[in-house]
Structures are given as C-alpha cells and as structure tokens.
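Participant: sequence unknown, structure follows:
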C-alpha cells in the first residue's frame, strides 16, 4: 500500500500522480505499486513539487510496519529514535509584530 499527500503542488504534478494512483481526497493519493514504481513516482515528485511539500508512506517489513519520506517545507520533521522513525513538530513561527508585543 502506498499513500502520498501533497500540498501546494502544481496541477501538472497532481495530474501525473493521478496516472498511477487514485486521488481519494484533494492531494491524497493511494495505490498498490512495486518498489520500482514507488521510487519512480517519488523522483517525479522531487522534480515537480516546486514550492509545495509532500509525504509518501508505504508498508514495509520493519518495527512500525511502514516507512515514509518527506519533501519540502513543513512543520513536521522525520527523526529516528532507537531505530524507529518518528515525527517531530517544529514550533510555530509568530508574526514579526507579535514577538515584541507590537
């Protein structure tokens, strides 16, 4: 099983993802593909994401039962702890006028 979520992705990339996977919600794609096809899809995402961001998760034989990759700016950052991949959240950035009470 493969799941890809894209945000702020160009329509040409979203259309390309729709060739290989089913778009079950806006920007959410699912399907069952081989490792080779999954890697090819990720290469297309890397080339076409522009200023957007993406996450790809798939089933695999490890402790958690899945693995994932991320691309682009996002508050969620993958980290590895004791051999398990987890997600860390970056602090929200306050607007410039909110920092000094102005």
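Facilitator: Looks like it arrived, so ask away. Keep in mind that this is a model prediction, so the values were computed, not measured.

Participant: helices and strands around the longest helix seen in the chain, which ones?
Facilitator: What stands out as the longest helix in the chain, according to DSSP state H, is helix 35-48. On a contact count with 3 or more C-beta pairs under 8 Å, 6 or more residues apart in numbering; DSSP states H and E, helix 35-48 meets strand 2-7, helix 11-20, strand 53-59, strand 66-71. Every C-beta, even on glycine, is put in place using the N, C-alpha and C of the backbone.

Participant: how far out from the middle of the chain is the last one?
Facilitator: In this case it means strand 66-71. Chain-centre distance of strand 66-71: 6 Å, with C-alpha atoms, centre = their mean, to the nearest Å.

Participant: contacts for it?
Facilitator: 42, 45-46, 49, 53-60, 76-78, 85 (C-beta atoms under 8 Å, 6 or more residues apart in numbering).

Participant: Show me just the buried residues among those residues.
Facilitator: 42, 45, 49, 53-56, 58 (16 or more other C-beta atoms under 10 Å).

Participant: quick one: residue 79 from residue 86, how far?
Facilitator: Applying C-beta to C-beta, to the nearest Å, the value for residue 79 to residue 86 is 6 Å.

Participant: cool, residue 37 as well?
Facilitator: The gap separating residue 37 from residue 86 is 27 Å, by C-beta to C-beta.

Participant: rewinding a little: let me know which of the helices and strands packed on helix 35-48 is tucked in deepest.
Facilitator: Of all those, strand 2-7 has the most neighbours on average by mean count of other C-beta atoms under 10 Å, namely a mean of 20.

Participant: That one versus strand 53-59: what angle between them?
Facilitator: Orientation of strand 2-7 against strand 53-59 (axes from the mean of the first three to the mean of the last three C-alpha atoms, to 10 degrees) gives an angle of 170 degrees.
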